[in-house]
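Participant: Sequence and predicted structure below; questions after.
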Amino acid sequence: MGVFVFLPLVLPLTALPIVRLAEQHLHPRGATRLLTALGCAFALCSTLCLALLMVVGTAQLPGNPLPDAWADPEVRAVVPYPDYTGTTAIAALTAVLGAAAADLRRFRRVRTRAHRALDGLPPQDPAVLPDAAPYAYALPADARRPGRVVVSTGMLAALTEEERAVLLAHERAHLAGHHHRYLLAARLAAVANPLLRPLRGAVAYSAERWADEDAASRVGDRRLAARAVGRAALVADSAAVPSPLLPALAAGPVPRRVAALLGPVPPAR
């Protein structure tokens, strides 16, 4: 079998054509779900491959609790340089698990701090912060608090009343679709295998397009939605979005998003 045992580690390279096809032929909702599932499957295969390489490569170490069959020459012959490969797999698997745990802790910590910062505000939707910096984001729910749309007075002042409706519909679509779960899963998949980083970016773009389409459908005007996306991108270009949990309205390749909104409605299936 030889080098073919490493195939699950490089298999994510085949995801790039799927990303292009999904973005061109699927509704952003379907593309987000498909690409997230694909990334999770590839990440799981990569992690299992590292675990098996670790088991086979270290089966002959003293004190190993594994059955003796794992140390048979026929089994070890499947893996090139089993001793070196097993040691490397241990380091890689430890790094993957540690980075994934750190990413999850960071997500929960930032979400909790963001909710605590809003505790003093009235429980209204959206939560309007008196800040001249233009930004808007969707804050996902935690164990004790519901999700909220957060927007600054600077962003509201930069948009017309119709464009504000697009802004709020966009951010509420993020909350209703639980887009933070897809983005988090894509980030963890990229941690498990760095070759999945392009797919992580594709999931983020598809989630933005999903929210764009929901906002356009809610306001009933695709040209208005395109104008709101473009204007929000212009005013928020130099502003720091205070929440890394979900992208803002201006996030993503804005020209592509505007062009998509000016085009026909994507197929529902």
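Facilitator: The structure has been received and is ready for your questions. Numbering: from 1, shown residues only.
Participant: mind showing which ranges of the protein have poor pLDDT?
Facilitator: 1-4, 57-83, 237-252, 268-269 (pLDDT under 70).
Participant: hmm, 80 instead?
Facilitator: When residues are selected by pLDDT under 80, those of the chain lie in 1-7, 54-87, 123, 236-252, 267-269.
Participant: quick one: the helices in it?
Facilitator: With helices called from DSSP state H, the chain shows them at 7-10, 15-25, 28-57, 73-76, 82-117, 153-158, 161-176, 179-192, 197-219, 222-235, 254-262.
Participant: Show me which positions of the fifth one end up buried.
Facilitator: Right, helix 82-117. Applying a neighbour-count criterion of 16 or more other Cβ atoms under 10 Å, one finds 82, 85-87, 89-90, 92-93, 96, 100, 107, 111, 114-115 buried in helix 82-117. Glycine gets a C-beta too; all of them are placed from N, C-alpha and C.
Participant: do you know how far residue 200 is from residue 194?
Facilitator: Distance of residue 200 to residue 194, given as Cβ to Cβ, to the nearest Å: 10 Å.
Participant: Over to residue 122?
Facilitator: 44 Å.
Participant: The two: which has the busier surroundings?
Facilitator: Set residue 122 next to residue 194 and count neighbours by other Cβ atoms under 10 Å: residue 194 wins out with 11 against 7.
Participant: Can you report phi and psi for residue 132?
Facilitator: phi -70, psi -20 (degrees, to the nearest 10).
Participant: for it, what are its contacts?
Facilitator: Neighbouring residues of residue 132 by Cβ atoms under 8 Å, 6 or more residues apart in numbering: 152-154.
Participant: May I ask which of these has the most neighbours?
Facilitator: Top of the contacts of residue 132 by neighbour count (other Cβ under 10 Å): residue 152, with 22 neighbours.
Participant: Touching, that one and residue 135? I think so.
Facilitator: Yes: Residue 152 is in contact with residue 135 according to Cβ atoms under 8 Å; the separation is 5.2 Å.
Participant: Relative to residue 88, how far out is the residue nearest the centre of the chain?
Facilitator: In the chain, the C-alpha nearest the mean C-alpha coordinate belongs to residue 183, at 2.0 Å (Cα atoms, centre = their mean). Counting by Cβ to Cβ, the separation of residue 183 from residue 88 is 30 Å.
Participant: for residue 9, same thing?
Facilitator: According to Cβ to Cβ, residue 9 and residue 88 sit 11 Å apart.
Participant: and what of residue 168?
Facilitator: Distance, residue 168 to residue 88, by Cβ to Cβ: 50 Å.
Participant: Residue 130: which of the helices of the chain is closest?
Facilitator: helix 153-158 (5.5 Å; Cβ to Cβ).
Participant: Give me the distance from the closest one to the chain's centre.
Facilitator: Centroid displacement of helix 153-158 relative to its chain, using Cα atoms, centre = their mean, to the nearest Å, is 27 Å.
Participant: So what does residue 146 have for phi and psi?
Facilitator: phi -80, psi 160.
Participant: tell me, how many neighbours does it end up with?
Facilitator: Neighbourhood size, residue 146 [other Cβ under 10 Å]: 12.
Participant: Same question for residue 254.
Facilitator: 18.
Participant: Excluding sequence neighbours, find me the nearest residue to it.
Facilitator: Nearest in space to residue 254, with sequence neighbours left out and distances taken as Cβ to Cβ, 6 or more residues apart in numbering, is residue 233 at 4.3 Å.
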